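Colleague: Sequence and predicted structure below; questions after.
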Amino acid sequence: MRDHPAVRKLFDVNLGHVTIQPVLPGRDNVNIIYHDSPKHASLGEVPSAQVYLHAGFGDNSYWLDVKDYPMQHTAEGWQCTINCQKNTPLHFCFKDSNNNWDNNHGQNWTVELEVF
């Protein structure tokens, strides 16, 4: 039952050093965490650097509604909660205020949450 699409999205999705958490009861909101780790710590290393979630929706080759969302630094890493569009892929990567980017080796991150 855990693999059923309507159930699967109720659990955290771990994508390496990125975690996506559904926010309940607003199931169309997701919390994205960019984890701090010595293996991939490049963004936000400078104390004054702000990390941003760079995100858009739709086709992977042409993102719509692209925005930069400031992230909060927490004990878990950099976090941001955003509203997803229903049944539309969310594409994202990260950047900091020093214009350093983490785009998952050119692949970005993509997730599609089925909102029910």
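Modeller: Right, received. Where do you want to start? Numbers count the residues shown, from 1 in each chain.
Colleague: going forward, measure contacts and count neighbours with C-alpha atoms only.
Modeller: Will do.
Colleague: Residue 106 is in contact with residue 60, correct?
Modeller: No - between residue 60 and residue 106 there is no contact under Cα atoms under 8 Å: 12.0 Å.
Colleague: Spatially central, which residue of the protein would that be?
Modeller: By Cα atoms, centre = their mean, the mean C-alpha position of the chain lies nearest to residue 32, the distance being 4.0 Å.
Colleague: Tell me the helix or strand right after the helix or strand where that residue lies.
Modeller: Taking DSSP states H and E as the criterion, residue 32 maps to strand 29-34. If you walk from strand 29-34 toward the C-terminus, the next helix or strand you reach (DSSP H and E) is strand 51-59.
Colleague: Which strands or helices does the strand holding residue 32 pack on?
Modeller: The criterion is 3 or more Cα pairs under 8 Å, 6 or more residues apart in numbering; DSSP states H and E, and the helices and strands that strand 29-34 contacts are strand 18-23, strand 78-83.
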